[in-house]
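Trainee: For reference, the sequence and a predicted model appear below.
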Amino acid sequence: MGDILSQSEIDDLLKALNTGEIDVQQMQTTTQERKIRNHDFRRPSKFAKDHLKTLHIIHENYARLVTNFLSGYLRTLVQVEVISVEPLSYHEFNNSISNPVILAVVDFSPLTGSIILEIAPNIAYALIDRILGGKGTSIERIRGFTEVELAIIERIVIQILNLMREPWENVIAIRPRLEKIETNAQFAQIISPNEIVALVTLSAKVGEVEGMINICIPHMVVEPIASKLSTRFWFSTAEIERTKESKESIERKIQNTRVPVKAILGRTTITVSDLVDLLPGDVISLDSHVSGDLEILVGDLLKFYGKPGVKKNKVSVKITDVVRKEEEEYG
């Protein structure tokens with residue numbers, strides 16, 4: 001709603017119009033220009049900025065998990081980072097791919113449809129070389145992949161696809177499954193060329209080899225959960241007011257949770273030969289005093305002190321003191 005003009009301001013405006021200081025046509029044109037917005041009907045904007053931001057956060061976590069996994073798996077320095085997340089048509093993505101390439105078609109259950117994981121050839125060759133005992137170098141001349149090389153890549157792809165589960169769990173519990181691996185973009189037509197996709201571009205560095213890993217997510221795949229691809233949804237669910245019923249339900253569940261409790265009668269150290277020679281009736285000296293308190297552990301935390309005894313013909317421990325420092329650990 002615009003500002004309300006005072007009577008003096010209205011008089012000044014009418015005076016300016018009468019004297020020609022303000023052009024009515026110019027005012028109308030300016031007002032119309034503010035309302036006009038360009039729209040490309042061939043590429044409708046299906047992914048909102050909030051959706052792209054959420055996908056960026058999800059794949060930042062995914063890049064971190066892939067970095068840790070490949071660094072340990074290959075025993076070499078691996079760095080994977082998110083460069084960008086942008087919407088484009090599948091036709092543009094498909095045309096930007098040069099053959100040969102590694103295109104993993106992935107079933108994105110429980111969502112309907114598939115996504116594509118693209119690995120640049122130089123990164124794929126570096127992974128293969130490292131797994132086969134090399135230094136993780138790429139080849140100078142790009143060539144096609146052999147059956148053995150594809151089998152090695154398939155094993156790696158399956159493992160890094162499983163890492164997608166954790167970053168996506170705040171949105172939906174996905175079960176990614178590798179359907180097939182193609183080395184030619186023409187055989188990876190999973191959707192209509194004009195369909196909009198979100199292209200997640202990751203930079204990957206394996207040793208001294210640098211390349212790209214792209215994740216192509218069609219809008220039709222994530223459309224059923226579009227409302228959850230919003231940071232506002234995450235924060236709103238985190239800030240839901242706790243009702244009295246939900247609080248009581250949580251308390252009941254906590255009260256019924258079983259925890260291991262053990263009383264430490266004492267500790268000692270003996271040799272293996274003494275342990276082997278133990279017989280019924282032998283006495284082992286402990287480091288605790290007969291009249292001293294026993295340590296009572298909840299899990300691995302020292303929580304109480306107590307005295308041993310018997311109650312109703314059962315061996316029992318009587319709590320004599322509570323340890324307030326919960327961070328004090330046993331050991």
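Mentor: Everything's here; your move. Numbering: from 1, shown residues only.
Trainee: Isn't Asn214 up against Val200?
Mentor: Yes. Counting by Cβ atoms under 8 Å, Val200 is a contact partner of Asn214 at 6.8 Å. All C-beta atoms are positioned from the backbone trio N, CA, C, and that covers glycine.
Trainee: what are the pairing partners of the helix or strand encompassing Ile215, and which direction each?
Mentor: Using DSSP states H and E, the element containing Ile215 is strand 209-218. Paired neighbours of strand 209-218 in the sheet (DSSP bridges): strand 114-119 (antiparallel), strand 196-206 (antiparallel).
Trainee: Give me the buried positions along it.
Mentor: 209, 211, 213-218 (16 or more other Cβ atoms under 10 Å).
Trainee: can you list contacts of it?
Mentor: Under the contact criterion Cβ atoms under 8 Å, 6 or more residues apart in numbering, strand 209-218 has outside partners 55, 59, 80, 83, 90, 93, 113-123, 125-126, 136-138, 190-191, 195-204.
Trainee: For stretch 197-215, C-alpha coordinates in PDB please.
Mentor: Only the C-alpha atoms of stretch 197-215 are listed here, as PDB (Å, rounded to 0.1, in the frame of the first residue of the first chain):
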ATOM      1  CA  VAL A 197      16.500 -30.200 -13.900                       C
ATOM      2  CA  ALA A 198      18.700 -29.000 -11.000                       C
ATOM      3  CA  LEU A 199      22.400 -29.400 -11.900                       C
ATOM      4  CA  VAL A 200      24.600 -29.800  -8.800                       C
ATOM      5  CA  THR A 201      28.200 -29.300  -9.900                       C
ATOM      6  CA  LEU A 202      31.000 -30.600  -7.700                       C
ATOM      7  CA  SER A 203      34.700 -30.100  -8.100                       C
ATOM      8  CA  ALA A 204      36.800 -33.200  -7.400                       C
ATOM      9  CA  LYS A 205      40.500 -33.500  -6.900                       C
ATOM     10  CA  VAL A 206      42.100 -36.900  -6.700                       C
ATOM     11  CA  GLY A 207      45.800 -36.500  -5.900                       C
ATOM     12  CA  GLU A 208      46.900 -34.100  -8.600                       C
ATOM     13  CA  VAL A 209      44.000 -34.800 -11.000                       C
ATOM     14  CA  GLU A 210      41.100 -32.300 -11.000                       C
ATOM     15  CA  GLY A 211      37.700 -32.700 -12.700                       C
ATOM     16  CA  MET A 212      34.000 -32.400 -12.200                       C
ATOM     17  CA  ILE A 213      31.200 -34.500 -10.800                       C
ATOM     18  CA  ASN A 214      27.700 -33.500 -11.700                       C
ATOM     19  CA  ILE A 215      24.400 -34.600 -10.200                       C
END
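Trainee: Please check the contacts of strand 209-218 and keep the buried ones.
Mentor: So, by 16+ other Cβ under 10 Å, the buried ones in the contacts of strand 209-218 are 55, 59, 80, 90, 93, 113-123, 125-126, 136, 138, 190-191, 195-204.
Trainee: Could you save the strands paired with strand 209-218 as CSV and add columns showing mean pLDDT and distance to Pro176?
Mentor: Shown next, in CSV, are the strands paired with strand 209-218 (pLDDT from 0 to 100; distance: least, Cβ to Cβ, whole Å):
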stretch, mean pLDDT, distance to Pro176
strand 114-119, 93, 8
strand 196-206, 92, 14
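Trainee: Relative to Phe47, which of those is closest?
Mentor: When the strands paired with strand 209-218 are compared by Cβ to Cβ, strand 196-206 sits nearest Phe47, at 5.4 Å.
Trainee: Show me how far that closest one is from its chain's centre.
Mentor: 15 Å (Cα atoms, centre = their mean, to the nearest Å).
Trainee: For Ser316, list the residues it contacts.
Mentor: Counting by Cβ under 8 Å, 6+ apart, Ser316 touches 308-310.
Trainee: for those residues, which one is nearest Asp274?
Mentor: Comparing these against Asp274 with Cβ to Cβ places Pro308 closest, at 24.8 Å.
Trainee: following the helix or strand in which that closest one is found, which helix or strand shows up next?
Mentor: Assigned by DSSP H and E, Pro308 belongs to strand 301-311. Sequence-wise, the next helix or strand downstream of strand 301-311 (DSSP H and E) is strand 314-322.
Trainee: Okay, buried residues for that next one please.
Mentor: Buried, per 16+ other Cβ under 10 Å, within strand 314-322: Val317.
Trainee: Pairing partners for it, with directions?
Mentor: Looking at strand 314-322 with DSSP bridges, its partner strands are strand 301-311 (antiparallel).
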